[in-house]
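Participant: got a sequence here, can you model it:
(chains A and B)
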Amino acid sequence: ETGVTQSPTHLIKTRGQQVTLRCSSQSGHNTVSWYQQALGQGPQFIFQYYREEENGRGNFPPRFSGLQFPNYSSELNVNALELDDSALYLCASSLGVGQAYEQYFGPGTRLTVT
Amino acid sequence: GNSVTQMEGPVTLSEEAFLTINCTYTATGYPSLFWYVQYPGEGLQLLLKATKADDKGSNKGFEATYRKETTSFHLEKGSVQVSDSAVYFCALRSNDYKLSFGAGTTVTVRA
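Facilitator: All right, here's what the predicted structure looks like:
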């Protein structure tokens, strides 16, 4: 069984640019959550997608947006990059929404904004 | 809202020492509680969890007990190894869809 995968592993962008990060969920999982982990901090919830619809959102501005595809893979898009967007972006998939479903994390994408 | 407060690090121990990392929480409803571990350069791995009061989660020699009266979920291990060096995160999940994490505690175990 393949776990959660993310691409790319690392990338470097310039302030003002746009970036797309990708996540392939674990087989059979229909829910994907995205988290931002700044250096030395715990992950912060960005949003969650369930069956291609946004199911909940954390305290992030609209320039953070996402998509979920029919195969349940997902993208995180960030427009107008700022220096503070530099972080590890983690994707987690689960069998469903709600407290009962464990979230399985991918290895993350390290984004550096210069 | 939900929040998690965990012991600040870094924590440096010798091999075979006893490890405790304190974690307290504030939450609405009846949260599930988790400890995640992050090894250098890797993502998060679930270490253990507890879903109701007085439950004890355990894995790989680590234990934590869900204490509703003190709103705590302290992580313990009786004899740490060099391979336990990592960042440990306490987290909770309540009636909503997201995990709320503490700031993390870096643990370094010396041989």
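Participant: tally of neighbours for residue A:74?
Facilitator: For residue A:74, the count of nearby residues is 25 (other Cβ atoms under 10 Å in any protein chain shown). Backbone N, C-alpha and C define where each C-beta goes, glycine included.
Participant: kindly report the same for the one 10 residues further on.
Facilitator: Neighbourhood size, residue A:84 [other Cβ under 10 Å]: 9.
Participant: report the contact partners of residue B:81.
Facilitator: Counting by Cβ atoms under 8 Å, 6 or more residues apart in numbering or on different chains, residue B:81 makes contact with B:15, B:16, B:109.
Participant: just give the closest residue to the residue in chain A positioned nearest to chain B, not the sequence neighbours.
Facilitator: The nearest approach of chain A to chain B comes at residue A:42, 3.4 Å away (Cβ to the nearest Cβ). Leaving aside its chain neighbours, residue A:42 sits nearest to residue B:101 (3.4 Å; criterion: Cβ to Cβ, 6 or more residues apart in numbering or on different chains).
Participant: same question, residue B:105
Facilitator: For residue B:105, the spatially nearest residue (Cβ to Cβ, 6+ apart) is residue B:9, at 4.2 Å.
Participant: sec struct for the one you found, please.
Facilitator: coil (DSSP: H, G, I helix; E, B strand; the rest coil).
Participant: can you give me the pLDDT of it?
Facilitator: In this model, residue B:9 is scored at 86, pLDDT.
Participant: picking up where we left off before, my guess is the residue nearest to residue A:42 contacts residue B:90, does it?
Facilitator: Yes - taking Cβ atoms under 8 Å as the definition, residue B:101 is a contact partner of residue B:90 at 7.3 Å.
Participant: rewinding a little: can you say which of the contacts of residue B:81 are buried?
Facilitator: Listed as buried from those are residue B:109; burial here means 16 or more other Cβ atoms under 10 Å in any protein chain shown.
Participant: who's more crowded, residue B:101 and residue B:90?
Facilitator: Neighbour tally, residue B:101 and residue B:90, criterion other Cβ under 10 Å: the higher count belongs to residue B:90, 29 against 23.
Participant: can you list the residues of chain B near chain A?
Facilitator: Selection of chain B residues close to chain A by Cβ under 8 Å from any Cβ of the partner chain yields B:4, B:31-32, B:36, B:42-46, B:49, B:51, B:89, B:91, B:93-104.
Participant: could you redo the last one with a cut-off of 10 Å?
Facilitator: Chain B comes close to chain A at residues B:4, B:6, B:9, B:29-32, B:34, B:36, B:38, B:41-46, B:49, B:51, B:87, B:89-104, B:106, as judged by Cβ under 10 Å from any Cβ of the partner chain.
Participant: what stretches of chain B score poorly on pLDDT?
Facilitator: B:96 (pLDDT under 70).
Participant: nearest to chain A: which residue in it?
Facilitator: residue B:101 (3.4 Å).
Participant: ranges for the strands of chain B?
Facilitator: B:3-6, B:11-14, B:19-21, B:23-26, B:32-38, B:44-50, B:56-59, B:62-65, B:75-77, B:86-93, B:100-101, B:105-110 (DSSP state E).
Participant: right, I'll call it a day here.
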